[in-house]
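In: Sequence first, predicted coordinates after that:
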Amino acid sequence: MNKIILIGRLTKDPETRYAGADNSTCISNFDIAVDKRFKKKDDQNAPTADFFRMTAIGKLGEFVQNYLKKGTKVVVEGRVENNNYTNKDGQKVYGFQFIAENIEFAESKKAQDGNVQSAPSADNFNNVNDSIDVSDLPFK
């Protein structure tokens, strides 16, 4: 199985071009920054995100072109493909590329524009009123 799922923000506006015999296939490339889960305590200069270059083709490429911009938070599902070739000196060069197969927005438009208050913290999530009489509950 070859599947990746990344959640991150676009680092710049997508780059789009058209290819194919009649220039009808949209190819959009975009970079996303994915926050690292843990930071090294010893190294304050360690990067806090990984950066991935994604490629979206066809209708998905048009979606990227029309709706995504720098700062948009997205969930990208896709796959990794080999991008190997032989250079002009006859040497084999090994590479890979990330192909997007599905993209969803990871936050609302209002949140992107900064018009929404941040979500409640996990500390305040489960504040239950302690005055509930458990004898009234239908289960024990």
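Out: Received the coordinates, thanks.
In: Going along the chain, name the strands of this protein.
Out: 4-10, 15-19, 25-35, 49-57, 73-82, 85-86, 92-93, 96-105 (DSSP state E).
In: Just give the nearest non-adjacent residue to Lys36, would you?
Out: Thr48 (5.7 Å; CB to CB, 6 or more residues apart in numbering). Where C-beta positions appear, they are placed from N, C-alpha and C, glycine not excepted.
In: With Thr86 instead?
Out: Nearest to Thr86 is Lys92, by CB to CB, 6+ apart, at 5.6 Å.
In: Any regions of the chain where pLDDT drops low?
Out: The model of the chain has pLDDT under 70 over residues 40, 43, 45-46, 112-140.
In: If we use 80, what do you get?
Out: 37-47, 108-140 (pLDDT under 80).
In: pull the longest helix from it.
Out: Longest helix of the chain, by residue count under DSSP state H: helix 59-67.
In: Residues touching that helix, excluding its own?
Out: The list of residues contacting helix 59-67 from outside it, by CB atoms under 8 Å, 6 or more residues apart in numbering, reads Pro14, Thr16, Thr25, Cys26, Ile27, Ser28, Phe30, Ala56, Ala100, Glu101, Asn102, Ile103.
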